[in-house]
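Novice: Sequence first, predicted coordinates after that:
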Amino acid sequence: MCFQDITFEYDINYDASGKASNDTMTIKAEKPKSLFCKDWFFIGNTELYHVEVLLKRGSHSITFSNIDEDTLKDISYNGFKVYMFCDGFIDTFISAFKFAMCFLGGLSTDPLKPIMGSHVPVYMEKANVNFLNETMGLELV
């Protein structure tokens with residue numbers, strides 16, 4: 001975690017007729033651990049989602065516009081869920097690269113193409129086996 005003091009506030013804004021016009025979430029981030037750190041969050045509910053990256057201290061606002069009545073009821077009843085990702089820049093890049101290795105390959109219809117052919121390349125198979133081993137503790141033979 002980069003910021004040691006983070007608060008979330010949520011406000012529903014109404015227009016003159018009393019209908020919800022937009023919703024604003026304000027994130028206040030204070031006390032960063034270092035000058036070059038970041039926190040990033042996945043914020044959402046059953047209808048809406050947003051990814052927010054905090055690179056500097058202070059107040060950050062997210063506005064959700066054109067929310068329909070059902071979504072507003074869901075937000076009023078269940079609120080938003082906030083998930084924090086605990087990686088720095090380097091770890092995020094490594095994770096994205098490992099993710100790409102698991103899913104990029106075998107994209108064409110030609111089985112004779114070495115990497116992008118209509119088969120699972122060896123690197124892709126190894127990346128998926130490593131992922132299952134590292135994250136789930138599964139040993140595939």
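Specialist: Cool, got the structure.
Novice: Need phi/psi at the residue nearest to the spatial centre of the chain.
Specialist: The structure's the chain has its C-alpha centroid closest to residue 42; by Cα atoms, centre = their mean the separation is 4.1 Å. According to degrees, to the nearest 10, the main-chain angles of residue 42 amount to phi -110, psi 120.
Novice: And for residue 73?
Specialist: Residue torsions, per degrees, to the nearest 10, at residue 73 are phi -60, psi -40.
Novice: residues in contact with the residue nearest to the centre of the chain?
Specialist: The contact partners of residue 42, taken as Cβ atoms under 8 Å, 6 or more residues apart in numbering, are 49-51, 82-83, 85. Just so you know, the C-beta spots here come from the backbone N, C-alpha and C atoms, and that holds for glycine as well.
Novice: closest to residue 68 among the residues you listed?
Specialist: residue 49 (15.4 Å; Cβ to Cβ).
Novice: Looks like the closest one contacts residue 43 (just checking).
Specialist: Yes: A contact is recorded between residue 49 and residue 43 when judged using Cβ atoms under 8 Å, the distance being 6.9 Å.
Novice: Between the two, tell me which one has more neighbours.
Specialist: Shown here are residue 49 and residue 43; by other Cβ atoms under 10 Å, residue 43 has more neighbours (20 against 12).
Novice: So the more buried one: helix, strand or coil?
Specialist: State at residue 43, reduced to three classes by DSSP: H, G, I helix; E, B strand; the rest coil: strand.
Novice: so what's it bridging to?
Specialist: Residues in a beta bridge with residue 43, per DSSP bridges, are residue 50, residue 82.
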